[in-house]
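**Student:** Generate coordinates for the sequence data below:
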Amino acid sequence: MGFEGKERGEEDGVMATDFFWSYTDEPHATRRRQILSQYPEIKQLFGPDPFAFLKVDLFVSMVPHLPQLYLIPSLVEANLVRNTVSKSIWVVFQLFFYALRPLFLKPKPPGIWEFINLAIQLALDAAIVHFWGWKSFGYLILSTFVGGGMHPMAGHFISEHYVFNPDQETYSYYGPLNLMTWSVGYHNEHHDFPRIPGSKLHKVKEIAPKYYEKLGSYQSWSQVIYMYIMDRTVGPFSRMKRNLSTKSMKKAE
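**Tutor:** Numbering: from 1, shown residues only. Presented below is the predicted three-dimensional model:
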């Protein structure tokens, strides 16, 4: 599939020292065209989520999401996180790295929405401390690290795009926790058809099973966390990167 990386690592049992680089087109657009040519009825799934009655995403997002996420680990992270102990620490503090990463890798001047968001968060924090004390505030902070670290549901941060098989860059999860996470586990299906809402993503695999049953997938997010920590060939460098194609660059212009 055209994958290449510096000092890959799987051959000699050591961790890679560079990201996986692909010189082919990303697979989702290709698979989308193939599936639509054979199963045009999938287009009937396109559209807004039938359960979304109000468009309040921008305001609601301020409550659970403080920063914008930047998904690829920085070179500093990837070079420091090199063994089981450091990977365990990295997993526990995943959300911390997600929060600070964009400030260093993609710094942007704050806009009005960032200031509104900050004001809302500080007001909420002050209210919690005032009415329930510092212990309650500390409990919420620690809960954030637990929920975004070793918690089974936090396994989706790793399972979606961390490369355990160099021939596949995106992975789906088909376990029961999809019922509690708005079907975020159907990640190949999501990237293949981003216009299909989460509540309908399971139908994509039902309509076109031959395209997804042959792909590697997971049944347990807890297992993914364990595999990531214990497999010495896997680490923050286990992500796929590609340069923009000529067509993409022309479109961007």
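**Student:** Okay, and the residue positioned nearest the centre of the chain sits in which element?
**Tutor:** Against the mean C-alpha coordinate of the chain, by Cα atoms, centre = their mean, the closest residue is Phe157 at 4.6 Å. Assessed by DSSP states H and E, Phe157 sits inside helix 155-159.
**Student:** which other helices and strands contact that helix?
**Tutor:** Applying 3 or more Cβ pairs under 8 Å, 6 or more residues apart in numbering; DSSP states H and E, one finds that helix 155-159 contacts strand 172-173, helix 221-230. To be clear about C-beta, it is placed using only N, CA and C from the backbone, and glycine gets the same treatment.
**Student:** Mind doing that once more with 10 Å?
**Tutor:** Here helix 155-159 touches helix 84-92, helix 94-105, strand 172-173, strand 217-218, helix 221-230, going by 3 or more Cβ pairs under 10 Å, 6 or more residues apart in numbering; DSSP states H and E.
**Student:** closest to Met180 out of those?
**Tutor:** helix 221-230 (11.1 Å; Cβ to Cβ).
**Student:** Also compute the angle for that closest one relative to helix 84-92, please.
**Tutor:** 140 degrees (axes from the mean of the first three to the mean of the last three Cα atoms, to 10 degrees).
**Student:** how about Ser183, what does it touch?
**Tutor:** For Ser183, the contact set (Cβ atoms under 10 Å, 6 or more residues apart in numbering) comprises 172-173, 177, 189-190, 197-202.
**Student:** Check what pLDDT it gets.
**Tutor:** Ser183 is assigned 93 on the pLDDT scale.
**Student:** Regarding it, what is its secondary structure?
**Tutor:** At Ser183, secondary structure determined by DSSP: H, G, I helix; E, B strand; the rest coil is coil.
**Student:** Correct me if wrong: Ile196 contacts Asp49.
**Tutor:** Yes. Counting by Cβ atoms under 10 Å, Asp49 is a contact partner of Ile196 at 9.3 Å.
**Student:** what residue ranges in the protein score low on pLDDT?
**Tutor:** Low-confidence segments of the chain, defined by pLDDT under 70: 1-13, 52-72, 244-253.
**Student:** how does it look with 50?
**Tutor:** Filtered on pLDDT under 50, the chain yields the residue ranges 1-11, 66-70, 246, 248-253.
**Student:** can you give me the strands for it?
**Tutor:** 3-4, 20-22, 172-173, 217-218, 240-241 (DSSP state E).
**Student:** What residues of the longest one count as buried?
**Tutor:** Within strand 20-22, the residues scored as buried using 16 or more other Cβ atoms under 10 Å are 20, 22.
**Student:** Can you name every helix or strand that that strand contacts?
**Tutor:** Checking 3+ Cβ pairs under 10 Å, 6+ apart, strand 20-22 ends up next to strand 3-4, strand 240-241.
**Student:** Relative to it, what are the paired strands and their orientations?
**Tutor:** Applying DSSP bridges to the sheet, strand 20-22 is found paired with strand 3-4 (antiparallel), strand 240-241 (parallel).
**Student:** how distant is it from the center of its chain?
**Tutor:** 18 Å (Cα atoms, centre = their mean, to the nearest Å).
**Student:** hang on, the earlier thing: sort out which of the contacts of Ser183 are buried, if you could.
**Tutor:** Neighbour-count burial (16+ other Cβ under 10 Å) is assigned, among these, to 172-173, 177, 189-190, 197-198, 200-201.
**Student:** What's the local residue count around Gly133?
**Tutor:** Neighbour count for Gly133, taken as other Cβ atoms under 10 Å: 11.
**Student:** Could you do Ser238 as well?
**Tutor:** Counted with other Cβ under 10 Å, Ser238 comes out at 23.
**Student:** Isn't it up against Thr17?
**Tutor:** No. In this structure Ser238 lies outside contact range of Thr17 using Cβ under 10 Å: 11.5 Å.
**Student:** Hmm, the residue nearest to the centre of the chain is touching Arg239, no?
**Tutor:** No. Using Cβ under 10 Å, Phe157 is not in contact with Arg239; the gap is 11.7 Å.
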